[in-house]
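Peer 1: Following is a predicted model, sequence given first.
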Amino acid sequence: MDILNTLAEQFCTHFSSGQDALLQEIEAHTNQHHGHAHMLSGKWQGKFLEMISMMIKPTKVLEIGSFTGFSALCLSKGLTTEGHLHTIEIRDEDAKTAQHFFEKSSVNNQITLHIGNAKDIIQKLDEDWDLIFIDADKVSYIEYYELTLPRLKSGGWILVDNVFFHGQVFAENITGKNAKAIDAFNKHVASDLRVEQVMIPIRDGLMLIRKL
């Protein structure tokens, strides 16, 4: 992944609080064994996800794109005692890895991992969400957004990753299906009167969206 400003990322990571032992283990395992380890949120973004969750104190969290479980455990930090996080992963091997680490956590009983197509699974989950994190296939971002927004509580939050798509969305002429999809998503949200949003230059860009 091309980070917008590597020096800024290193600087911000250095001055951000550390992560717990399990998150360190997941990051090390992913970096060592996964061919796409760059997809992991990492310490800086992970701490941001954790703090957002702790500020919101959600009861119901939905994550679209589990990967190896790192971001789900960050988002679980702010769960209320009766809270629950649902996370969806389409790849069997990544889901197996994520489940392994969930079972090592103290919040295992508060996390449910779903394996399969998120578009199908989302429609079967009868929940009203406080917090949603979208970090999956880029061409489906608008569809994920439209599937979940109706079940997001008023005043609820959506976090969306990779809204810079390696800086490709800054180009005058955007090429590539993923960059075009992210550009379309960014414009879709910006024109949506149901929400307000802010872009944050963390790693590959995060968008924080609040439902009005």
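Peer 2: That came through fine.

Peer 1: drop to CA atoms for contacts and neighbour counts, all remaining ones
Peer 2: Fine.

Peer 1: just for this structure, where's the confidence low?
Peer 2: 1-4 (pLDDT under 70).

Peer 1: show me where it has helices.
Peer 2: In the chain, the segments counted as helices under DSSP state H are 6-14, 21-33, 42-56, 70-75, 92-103, 118-124, 141-148, 177-190.

Peer 1: Who's the closest spatial neighbour of Asp161, skipping the chain neighbours?
Peer 2: Distance criterion C-alpha to C-alpha, 6 or more residues apart in numbering; nearest residue to Asp161, sequence neighbours excluded, is Leu206 at 4.8 Å.

Peer 1: Give me the distance between His36 and Ile182.
Peer 2: Distance from His36 to Ile182, counting by C-alpha to C-alpha, to the nearest Å: 20 Å.

Peer 1: which one of the two has more residues nearby?
Peer 2: Shown here are His36 and Ile182; by other C-alpha atoms under 10 Å, Ile182 has more neighbours (23 against 11).

Peer 1: that older thread, with respect to burial, which of the helices of the chain scores highest?
Peer 2: helix 70-75 (a mean of 26; mean count of other C-alpha atoms under 10 Å).

Peer 1: for the chain, what's the longest strand?
Peer 2: Secondary structure of the chain per DSSP state E: the longest strand is strand 152-161.

Peer 1: and that one, what does it pack onto?
Peer 2: Applying 3 or more C-alpha pairs under 8 Å, 6 or more residues apart in numbering; DSSP states H and E, one finds that strand 152-161 contacts strand 129-134, strand 206-211.

Peer 1: Can I get that strand in CSV, CA atoms only?
Peer 2: C-alpha atoms of strand 152-161 as CSV (Å, rounded to 0.1, in the frame of the first residue of the first chain):
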residue,chain,number,x,y,z
LEU,A,152,-27.6,2.7,11.5
LYS,A,153,-29.1,4.5,14.5
SER,A,154,-29.7,8.2,14.2
GLY,A,155,-26.5,9.8,15.5
GLY,A,156,-24.6,6.6,14.7
TRP,A,157,-21.2,6.4,13.0
ILE,A,158,-19.6,4.8,9.9
LEU,A,159,-15.8,4.6,9.4
VAL,A,160,-14.6,3.8,5.9
ASP,A,161,-11.0,2.9,5.0
